[in-house]
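J.: Pasted the sequence and its predicted model underneath.
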Amino acid sequence: MSRLKLPLYSKILLWFLVNLGVVVGIVLFYVRVNFGSGFDWLLGERAGARIELLDSYVQSVLVEHPESEWPEIIENFGHYLEHPLPAWETVLKAKHPGNGVSFAMFLPNGEQIMGRKVALPPEVLRRLIDKRLPEGRPRAGRPDAAADSAMKPPKPRFIIRSERPTLYWSGIHSSVSIQREGRWYPLTFVIIASDMTAGGLLFDWWPWMIVFAMSIGASALLWIPLVSGITRAIRRTNEASKRIAAGQFDVRLLDKRGDELGELATSVNTMAAQLGDYMTQQRRITADVAHELCSPIARMQMALGVVEQRSTPEQASYLQKLDRELQHMAKLVEEVLAFTKAETLPERETPEDIDLRVLIENVIVREAPETDVKLEIGDIQLHSLRNALDRAIGNVLRNAVRYAADIEIHAKAENGLVTIEIADRGPGVPEEAVSRLFEPFYRPEAARGRSTGGSGLGLAITKRCIEACGGTVTAQNREGGGLTVRIEIRMIDPLK
């Protein structure tokens with residue numbers, strides 16, 4: 001099973017959300033510890049004030065009707081909320097609660113006397129018991145006097161959740177009293193709902209969600225610049241490292257950051273400069289050594305020619321072997337020189353107009369005169385380095401002739417890009433070797449013999465020549481056997 005890969009940007013934002021969830025969990029745990037396992041803390045501020053307004057609205061409705069009509073009013077209280085009194089309409093802004101909400105009134109001992117009959121859970125009963133007045137203590141009358149309400153302390157409120165079925169009981173010890181056997185008993189007004197918001201009658205979750213979303217948005221605005229700066233610096237460093245690995249040692253990173261990423265950019269710049277110097281020195285030494293080897297090899301070949309003229313028939317076979325070795329050495333030195341010079345091709349050559357068909361036909365005549373090469377190419381004109389392109393195609397074709405048969409060359413131009421494919425039906429190369437074919441002196445295991453393996457510089461020279469033309473070269477095995485080398489070069493309009 002493959003491991004899920006996520007960009008660093010996504011990981012940091014995901015970690016931010018996890019951190020936010022932990023913070024929310026800690027806050028909820030703190031609230032639970034401080035407010036107990038109930039939901040009374042939800043009645044703070046607006047929700048608590050709303051239920052008190054609702055209780056006052058109940059009183060305003062009840063005082064307008066005789067006490068004998070109160071049970072029916074409480075049982076159908078949703079009708080009054082649907083058509084509230086003008087004085088309360090703008091304050092309450094209540095919705096019609098629907099079938100999921102009912103209303104009830106309870107005596108101080110928990111006995112229900114108004115509203116649709118409900119089974120009272122024990123935890124609700126404990127909160128319904130009203131200890132404001134001893135049972136049976138006489139009262140002055142209905143609570144419609146302003147002085148009486150001003151003397152009362154804040155009314156106890158509660159929200160309880162009961163199970164089987166799940167119901168939410170929102171109650172307030174009301175100022176409404178009812179007379180029984182010559183005594184006044186305070187009532188508790190209860191809203192029974194199937195959801196915590198009572199159908200939007202008390203409060204809704206949207207303000208909470210909006211605040212939560214705004215918190216996430218504000219936090220994201222604070223985090224995004226930091227995350228973007230970090231990931232941008234890492235992305236640039238990664239891209240620069242890839243270019244350095246491809247041999248572009250002139251790459252430099254901005255190192256203005258004052259943190260570890262800035263230090264990393266400085267280190268990458270230093271590494272690129274040192275590698276560039278090292279590779280330049282190595283190429284110079286290689287070129288100098290190869291150049292110095294040309295003269296002694298030439299003198300040895302001349303001396304060998306003189307010796308061959310004076311040799312006996314018994315010595316001829318040994319001299320022929322020595323001559324082959326010298327020729328191989330001379331060819332190797334020539335390719336090393338060509339490889340070192342390929343890097344400076346853009347400085348030594350001038351781009352010119354090229355008829356691609358004519359160029360490839362000349363390469364075929366030179367490199368594969370006795371091979372039947374299938375050529376499919378249209379009328380393609382491009383502006384590039386003629387000698388570099390000729391050398392690159394020639395090296396690839398030479399390899400194909402050496403290792404395979406049924407060689408095909410296809411070329412096309414689309415969207416300003418010229419694509420040249422040289423394909424064969426040979427043995428191909430091992431898959432692990434495909435990506436290394438263009439490395440200097442690299443030869444696949446099957447091609448290490450001197451008789452067929454060459455020096456291992458032909459495709460490396462091809463790569464440098466194509467890069468000098470501003471293009472790319474890749475290779476891949478063909479289905480059914482064989483190898484395809486793809487060259488892509490941008491067409492350059494000489495008039496621009």
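T.: Cool, got the structure.
J.: so how far is the lengthiest helix in the chain from its chain's centroid?
T.: Across the chain, the helix with the greatest residue count (assigned by DSSP state H) is helix 260-310. In terms of Cα atoms, centre = their mean, to the nearest Å, the centre of helix 260-310 is found 44 Å from the chain centre.
J.: Please apply the same query to stretch 389-406.
T.: Relative to the chain's own centre, stretch 389-406 is displaced by 42 Å; criterion: Cα atoms, centre = their mean.
J.: now what about that stretch, what contacts it?
T.: In this structure, residues lying in contact with stretch 389-406 by Cβ atoms under 8 Å, 6 or more residues apart in numbering are 338, 342, 354, 359-360, 362-364, 366-368, 371, 373-374, 407, 409, 420, 422, 424-427, 447, 452, 454, 458-459, 461-462, 465-466, 469, 473, 482-483, 485, 487, 489. Glycine gets a C-beta too; all of them are placed from N, C-alpha and C.
J.: which of the residues in it are buried?
T.: When burial is assessed from 16 or more other Cβ atoms under 10 Å, stretch 389-406 yields the following buried residues: 389-401, 403-404.
J.: Please identify which of those residues is nearest to I12.
T.: Proximity to I12 was ranked across those by Cβ to Cβ; first place goes to A392, at 44.6 Å.
J.: Residue ranges of each domain in the protein, please.
T.: 38-204, 259-342, 349-490 (automatic domain parsing).
J.: pLDDT score for G98?
T.: G98 is assigned a predicted lDDT (pLDDT) of 51.
J.: before we move on, what about S149?
T.: 41.
J.: hmm, back to that, helices or strands next to the helix or strand just after the longest helix of the chain in the packing?
T.: Next helix or strand after helix 260-310 toward the C-terminus (DSSP states H and E): helix 313-342. Packed against helix 313-342 by the contact rule (3 or more Cβ pairs under 8 Å, 6 or more residues apart in numbering; DSSP states H and E) you find helix 260-310, helix 386-403, helix 458-468.
J.: Show me how far helix 313-342 is from its chain's centre.
T.: A distance of 56 Å separates the centroid of the chain from that of helix 313-342, by Cα atoms, centre = their mean.
J.: Quick check: S170 is in a strand.
T.: Yes. Counting by DSSP: H, G, I helix; E, B strand; the rest coil, S170 is part of a strand.
J.: Need phi/psi at the nearest residue in space to it that is not next to it in sequence.
T.: The shortest distance from S170 to any residue that is not its chain neighbour, by Cβ to Cβ, 6 or more residues apart in numbering, is 4.4 Å, and that residue is I191. Here the main-chain torsion angles of I191 (degrees, to the nearest 10) amount to phi -110, psi 120.
J.: Okay, angle between the longest helix of the chain and helix 313-342 too, please.
T.: Using axes from the mean of the first three to the mean of the last three Cα atoms, to 10 degrees, the direction of helix 260-310 lies 150 degrees away from that of helix 313-342.
J.: returning to what we had before: would you write out the ChimeraX command that picks the buried residues out of the contacts of stretch 389-406?
T.: Below is the selection syntax for ChimeraX that covers the buried ones among the contacts of stretch 389-406, with 16+ other Cβ under 10 Å defining burial:
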select :338,342,354,359,360,363,364,367,368,373,407,409,420,422,424,425,426,447,454,458,459,461,462,465,466,469,473,482,483,485,487,489
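J.: From the contacts of stretch 389-406, which land in strands?
T.: In this view, these that belong to strands under DSSP state E are 354, 374, 409, 420, 422, 473, 483, 485, 487, 489.
J.: For the fourth one, which non-adjacent residue is closest in space?
T.: Nearest in space to I420, with sequence neighbours left out and distances taken as Cβ to Cβ, 6+ apart, is I487 at 4.3 Å.
J.: thinking that neighbour is in contact with G471, fair?
T.: Yes. With contact defined as Cβ atoms under 8 Å, I487 and G471 form a contacting pair (6.2 Å).
J.: coming back round to it: for W223, which of the domains of the chain is the nearest?
T.: Taking Cβ to Cβ as the criterion, domain 259-342 is the member of the domains of the chain that comes nearest to W223, at 16.3 Å.
J.: on that earlier part again, can you pull the contacts of the residue nearest to I420?
T.: 392-393, 396, 419-422, 466, 471-473 are the contacts of I487 under Cβ under 8 Å, 6+ apart.
J.: K256 contacts R236, correct?
T.: No. With the criterion set as Cβ under 8 Å, K256 and R236 do not qualify as a contacting pair; they are 12.0 Å apart.
J.: Just the pLDDT for the nearest residue to A388 once chain neighbours are set aside.
T.: Take A388 and drop its neighbours on the chain: the residue closest to it by Cβ to Cβ, 6+ apart is C465, 4.0 Å away. According to the per-residue confidence, C465 scores 87 in pLDDT.
J.: Also R490?
T.: Per-residue confidence at R490 stands at 87 (pLDDT).
J.: ok, now A423?
T.: For A423, pLDDT reads 93.
J.: How about F16?
T.: Residue-level confidence at F16 comes out at 76, pLDDT.
J.: re the thing from before, between the buried residues of stretch 389-406, which sits nearest I224?
T.: Once Cβ to Cβ is applied, the member of these that ends up nearest I224 is A392, at 46.5 Å.
J.: any idea of the pLDDT on that closest one?
T.: 90.
J.: Look up how far I74 lies from it.
T.: Here the distance between A392 and I74 works out to 95 Å (Cβ to Cβ, to the nearest Å).
J.: and the residue nearest to I420, bridged to which residues?
T.: Judged by DSSP bridges, the bridge partners of I487 are I420, V473.
J.: ok, and the closest non-adjacent residue to G470?
T.: Leaving out its chain neighbours, the residue that sits closest to G470 by Cβ to Cβ, 6+ apart is R490, at 5.6 Å.
J.: dump the residue contacts of that neighbour.
T.: 416-418, 470-471.
J.: Mind giving me the ChimeraX command for buried ones among those?
T.: Applied in ChimeraX, the following selects the buried portion of these according to 16+ other Cβ under 10 Å:
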select :418,471
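J.: any low-confidence regions in this protein?
T.: 1-6, 8, 30-47, 78-99, 130-156, 199-205, 286, 341-347, 445-456, 492-496 (pLDDT under 70).
J.: thinking again about what came up before, what's the closest of the contacts of R490 to G378?
T.: V418 (10.5 Å).
J.: My read is that the closest one contacts A411, right?
T.: Yes. A contact is recorded between V418 and A411 when judged using Cβ under 8 Å, the distance being 6.8 Å.
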